[in-house]
Structure formats: structure tokens, C-alpha cells
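In: How does the following fold in three dimensions:
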Amino acid sequence: RLGGQIEANAGRLDGGSSPVPPPVSVPPSTPAPAQMPVHGGGAAAAIRAVVAMPAVAPACSPEMFDTSPNELLQLMQYVCSSPHVTSNAQYASVTERLVFSAEAKDATINAFATIRDGNTPMIMLLGGAIRFANLVSAAYVGSMAARKGGGQNPLPEITAAFGRFCLDCRGSIAPEQACRFAEQYNLHLVMADPTLGRKARSFASGLLIGVLAHEFGHLALGHCYGQRVNLEVSRNQEREADSFASSVISSSPFGDYLVFGTILWEAVWVWVEEATGQVATTHPLSRERLADLIRANPSVAAAFGLSA
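Out: Modelled structure (predicted):
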């Protein structure tokens, strides 16, 4: 049960600070994309041919890569009603006071949990994270469709392309940037296709559920109360929130399906960390987080060609 209501364009929060900063800080000295490592190579060619160009190609619109407020609220409710949450009185009590806010106009690729006005638990999901989820899901679904389930694993090319994109836009995806990137790789055609679009949005929902479950974990485990913590404690809290999210996902009858998106998310940030040499000091290394996901979900990871 979600006690709060979704708040459109809520603006910046007054009380508390986020324990979850953007995944990586990109300094002005970041090397040009051509200097960055490419795992697998051929990203443009591999992703661009995702679907055949129709006689009359639909125009790309920013709405293709956004998720409606009502759908986002349903994803938050899915987390709150998961058996892992409802079976624990402490966790369930958070849902009674929780306020969930989606700020689509904020292009930052981020989400965070905080305490508002000293007592109200709140989760904020920003527009850049929503667009990222839909774009990367469209790329994966379209690439797999182009290979008809066979051929080369598209994950290395997808992570390289999205890693460069996230660096180029410096951790923010505005609506017009989403469209430009989508047109480069025909991702708007994927979203316009009835079958592929539905599957891509489903993958994106799974990715966002993982993000929201992680943020809910910070609230349920009491990470957002009290004084600021040092970096080692912060990293351990991130690991605890990751474990909480994994428990939410695994308690779902669709757990294997939902974890696909989380693996996609972490794989991109692994590429970014390796390309820049920059890591978020408040968080565990993305490589560590991805390895934990692989060990916990070996069969799903195998579908990506990944193993521990």
C-alpha cells in the first residue's frame, strides 16, 4: 500500500540530502569518445540495424522514451506490495508514509531516497533515469530481434554506445537528446513497433523497479535518518540497498525477467568507470555490483553471455 501520491514536477527537496549521488562524476578532462575503450567494437553498425526501415518511418517524439506518471506509480506500488516488503512490519510501515515523486523535467540520470520535513520518507525518480531505461531497453530488444535470437551477443556494443552517450551528455538525458540518440540507432522504430515496443517498455519497467527497490531499501533499512556517514559506511549501505532490491525482485514471480534490466543498468556503468577511470567514492565499484548480480542470477546472466 502506497500512502503517498505521485507528485509531478515536485522541484528540489527542502529536507535531507540524498545518499545516492549520480553513479559517476565525469570531470572536464574526460577523454574524447574515440579514445575510450570499446568492448566488442562495431557499436553503431550492431545497434543501428535493429529493425527494417518502413516505407513511412514514424517521427521520433520524446514521449516514446518517457513513462507516464500512472505507470511509474504502479511500479512503485509493485515494490511496496512485494512479499519481501509486506512480510516485514518495519518495511511495511514505510509504505504507509511514503511519498513518491517523479520529476520528468529533471534530465539527470538518477534516483534517490530522502526524509522530507524530518519525518516523511520520499523517493524521487528523475527524468534522465526514466529515458535511460527506455532507451537501453529499446536497444537490447531491437538488437536481439535483428539477430532473431542468435548471432553475436549485443551487450558489449550496447554498453559501449550507451557509455559514450552518458559521457557526452554528462549524466543527463533531456528529451531532445533522447530523440537524437534514438534516431541515430533507429530506436524510435523499435518503440513504434507494436510487438517490440511493448517488450522494450516491459524491460524498462523491470529496470525501473530495480532502481525503485534499491531506493526503498535505503528507507526501509534506516539509511536516510541521522547524521552523514563516512565513505566506507556509505558503500556498505549501498551494498545493503542492492541486497534489499535483489530480495524484492527475487520474491516476485517475475524475478528472472525483472533482473534483466538491472544487469543492463550496471553493465553500462561498468563501461563508464573503465573508460574514464573515475568511480563514485560513495558507492561500490559497478564491476563489483555487476558481479554480485551475476552470482545471484547465473541463468539470467548467461543470457547476456556473462558469468562469474
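In: which residue ranges form the helices in this protein?
Out: Using DSSP state H, the helices of the chain run over residues 43-48, 69-80, 83-86, 89-97, 127-147, 155-168, 175-185, 187-192, 194-220, 231-250, 255-276, 286-296, 298-303.
In: Report the buried residues of the last one.
Out: When you say that, I think you mean helix 298-303. Judged by neighbour count (16 or more other Cβ atoms under 10 Å), helix 298-303 contains these buried residues: 300-301. Bear in mind the C-beta positions are built from the backbone N, C-alpha and C, glycine included.
In: now swap in the fifth one and tell me
Out: For helix 127-147, the neighbour count (16+ other Cβ under 10 Å) marks 127-146 as buried.
In: shaky segments in the stretch 1-150 of the chain?
Out: 1-57, 149-150 (pLDDT under 70).
In: separation between Met191 and Ala204?
Out: Using Cβ to Cβ, to the nearest Å, we find Met191 at a distance of 10 Å from Ala204.
In: Identify the contacts common to those two.
Out: With contacts taken as Cβ atoms under 8 Å, 6 or more residues apart in numbering, the residues that reach both Met191 and Ala204 are 134, 138.
In: Can you convert the helices of the chain into TSV and add a column each for distance to Ala113?
Out: Putting these into TSV (distance: least, Cβ to Cβ, whole Å) gives the following:
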stretch	distance to Ala113
helix 43-48	33
helix 69-80	12
helix 83-86	14
helix 89-97	10
helix 127-147	13
helix 155-168	22
helix 175-185	25
helix 187-192	29
helix 194-220	4
helix 231-250	8
helix 255-276	17
helix 286-296	17
helix 298-303	26
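In: what's the closest of these to Ala107?
Out: Of all the helices of the chain, helix 127-147 sits nearest to Ala107, with 4.6 Å by Cβ to Cβ.
In: now that closest one against helix 255-276, angle please.
Out: 110 degrees (axes from the mean of the first three to the mean of the last three Cα atoms, to 10 degrees).
In: now helix 127-147 against helix 155-168, angle please.
Out: Going by the same axes, to 10 degrees, helix 127-147 makes 150 degrees with helix 155-168.
In: what packs against helix 127-147?
Out: Under the contact criterion of 3 or more Cβ pairs under 8 Å, 6 or more residues apart in numbering; DSSP states H and E, the helices and strands touching helix 127-147 comprise helix 43-48, strand 99-103, helix 155-168, helix 175-185, helix 187-192, helix 194-220, helix 255-276.
In: Of those, which is nearest His84?
Out: Using Cβ to Cβ, the helices and strands packed on helix 127-147 put helix 194-220 closest to His84, at 8.6 Å.
In: Identify each buried residue in that closest one, please.
Out: 196-197, 199-220.
In: swap in stretch 63-78?
Out: Here stretch 63-78 shows 64-67, 69, 72-73, 75-76, 78 as buried, counting by 16+ other Cβ under 10 Å.
In: Kindly report the same for stretch 271-283.
Out: Here stretch 271-283 shows 271-276, 278-280, 282-283 as buried, counting by 16+ other Cβ under 10 Å.
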